[in-house]
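>>> what follows is a predicted structure for the sequence shown.
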Amino acid sequence: MATSLGSNTYNRQNWEDADFPILCQTCLGENPYIRMTKEKYGKECKICARPFTVFRWCPGTRMRFKKTEVCQTCSKMKNVCQTCLLDLEYGLPIQVRDTGVSVKDDIPKSDVNKEYYTQNMEREIANSDGTRPVGQLGKAPSSSDMLLKLARTTPYYKRNRPHICSFWVKGECKRGEECPYRHEKPTDPDDPLADQNIKDRYYGINDPVADKLLKRASTMPRLDPPEDKSITTLYIGGLGDTVTDGELKSHFYQFGEIRTITIVQRQQCAFIQFATRQAAEMAAEKSFNKLIINGRRLTVKWGRSQAARGKEGIKDGVSEMGTRLDPVPGLPGALPPPPALDEEAPANYFNLDPSTSPAVMNIALPPPPGINPPPPGFGPPMFHPMGHMAPPMPPPMSMRPPGQIHYPSQDPQRMGAHAAHGSRHGD
């Protein structure tokens, strides 16, 4: 600070002297035993240009040192963190927060008007209990559906990472792993997220992060009620081990009478059945993408009817959530339908030639054990042709031409040995 403490050109009564900063959980870090350095009147506030107490700390291992950027008065007027200038309740930029609660808080930007406005806000802060914001934000409604959908419920410690090493980008960094900066490729300079300004963030104008979140809010999915009016059950997913049926009942009983609550601990989900369809629709509308219990964001879907539970969740390339699925290349197509059966066609299942009849042979059984077989030339032959004009023997399997091979025992015309009976009656 260029102004000395003994100078009378500035009213030092307006200088801020605090014992602890106003920070969000992300900027504070995950280490509960944190060290901070406190510098009284160390910097000027980047919004109101008044000296304030600067705090500096390291939020965690392999993280960059952070410090407060605005004074506590400017932080309380907007209900934001002194470092990242994001809303303390939702973790969102001021532009998104003001759009969600329909508040337009125009803070003067000239030096004289800004000083007058700040003094009035300090007087209002001193008369309040400190639990709610002041100004236009304190008069706004408590919550918004869009804010509940976009709100960040868990800390985002990735935001505390070190900056990219400019020497490494140029190929001149010689510190290796000891370098406290990141050795990564920088983002595209044409990316709008690469150009952020702290004053634009505070005043809620031209904030690229806010524009990105507002576009995401406009394209958020909806939960349409099913056509089957008999469905009055909601599926609640992502319960974890901490959410109980009593906590679910305390949230959903406000929408109507609850018939049953079934928790499937193995799948970490629950099924809530309402007595009426109107109560189920209201619960689904008020809880979809904004149900948070014990710090966990829960998934809300409609249950399926008993008839649809056995069916597959994907039909004709459309999932049960209504999203179109791209076809997977390389999969075989559908099988062709079977050919139509002709009732007058003969039952030739093995494609045998109907003009020729296969040879019918009688194979003699081997002699019983303990009896020697007769010498060659004595005794009955092993194969007896049936009839005087027996067809020639088929060639061996190795000498047959390629093609379909059919066995005589598979001929349906031979079943029952009708030819053998006929020859016997003829004899």
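Structure's in. What do you need?

>>> tell me where the model's unsure across the stretch 201-350 of the chain.
Within the stretch 201-350 of the chain, the stretches with pLDDT under 70 are 306-327, 330-334, 337-350.

>>> again, only this time at 90
Applying pLDDT under 90 to the stretch 201-350 of the chain flags residues 203-207, 210-211, 213-230, 238-246, 249, 264-268, 282, 284-299, 303-350.

>>> which non-adjacent residue is nearest Pro192?
With C-beta to C-beta, 6 or more residues apart in numbering as the criterion, Pro192 has its nearest non-adjacent residue at 4.0 Å, and that residue is Pro208. To be clear about C-beta, it is placed using only N, CA and C from the backbone, and glycine gets the same treatment.

>>> what's the burial count for the one you found?
17 (other C-beta atoms under 10 Å).

>>> which stretches of this structure form helices?
Per DSSP state H, the chain carries helices over the ranges 25-28, 72-78, 94-100, 111-127, 136-139, 145-150, 166-169, 198-203, 208-218, 245-252, 277-287, 418-426.

>>> of all those helices, which one comes closest to Ile263?
Comparing the helices of the chain against Ile263 with C-beta to C-beta, the closest turns out to be helix 245-252 (5.5 Å).

>>> tell me what that closest one is packed against?
Contact here means 3 or more C-beta pairs under 8 Å, 6 or more residues apart in numbering; DSSP states H and E; on that basis helix 245-252 packs against strand 258-264, strand 269-274, helix 277-287, strand 292-293.

>>> return the most buried member of the ones you listed.
Most buried of the helices and strands packed on helix 245-252, by mean neighbour count (mean count of other C-beta atoms under 10 Å): strand 269-274, with a mean of 20.

>>> how much does it deviate in direction from helix 277-287?
140 degrees (axes from the mean of the first three to the mean of the last three C-alpha atoms, to 10 degrees).

>>> which elements pack onto strand 269-274?
By 3+ C-beta pairs under 8 Å, 6+ apart, strand 269-274 packs against strand 233-237, helix 245-252, strand 258-264, helix 277-287.

>>> contacts for that strand?
By C-beta atoms under 8 Å, 6 or more residues apart in numbering, the residues outside strand 269-274 that reach it are 232-239, 243, 245, 248, 252, 255-264, 280, 283, 303.

>>> redo that, cut-off 7 Å
By C-beta atoms under 7 Å, 6 or more residues apart in numbering, the surrounding residues in contact with strand 269-274 are 232-237, 239, 248, 252, 256-264, 280, 283, 303.

>>> Ile107 and Thr118 touch, don't they?
No. The criterion here is C-beta atoms under 7 Å, and Ile107 misses it with Thr118 at 8.9 Å.

>>> picking that back up, make TSV out of the helices and strands packed on strand 269-274 and add distance to Asn197.
Listed next are these as TSV, based on distance: least, C-beta to C-beta, whole Å:
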stretch	distance to Asn197
strand 233-237	40
helix 245-252	40
strand 258-264	48
helix 277-287	37
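
>>> nearest to Pro329, of those?
strand 233-237 (31.7 Å).

>>> alpha carbons only: can I get that closest one in CSV?
The C-alpha atoms that make up strand 233-237 are tabulated as CSV, following Å, rounded to 0.1, in the frame of the first residue of the first chain:
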residue,chain,number,x,y,z
THR,A,233,-43.6,-45.1,-8.0
LEU,A,234,-40.4,-43.0,-8.2
TYR,A,235,-36.9,-44.5,-8.3
ILE,A,236,-34.3,-42.8,-6.1
GLY,A,237,-30.7,-43.7,-6.9
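
>>> mind listing what's buried along that strand?
Neighbour counts over strand 233-237 (16 or more other C-beta atoms under 10 Å) mark Thr233, Leu234, Ile236 as buried.

>>> any idea what the nearest residue in space to the last one that is not next to it in sequence is bridged to?
What it means is Ile236. Once flanking residues are discounted, Ile236 sits nearest to Ala270: 4.4 Å by C-beta to C-beta, 6+ apart. Bridge pairing for Ala270 (DSSP bridges) gives the partners Ile236, Ile263.

>>> so how far is Arg304 from Ala270?
Relative to Arg304, Ala270 is positioned 15 Å away (C-beta to C-beta, to the nearest Å).

>>> Phe55 bridge partners, please.
In beta-bridge terms (that is, DSSP bridges), Phe55 pairs with Lys38.

>>> coming back round to it: distance to Ser166 added to the buried residues of strand 233-237, as JSON lines?
Shown next, in JSON lines, are the buried residues of strand 233-237 (distance: C-beta to C-beta, whole Å):
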{"residue": "Thr233", "distance to Ser166": "57"}
{"residue": "Leu234", "distance to Ser166": "52"}
{"residue": "Ile236", "distance to Ser166": "49"}
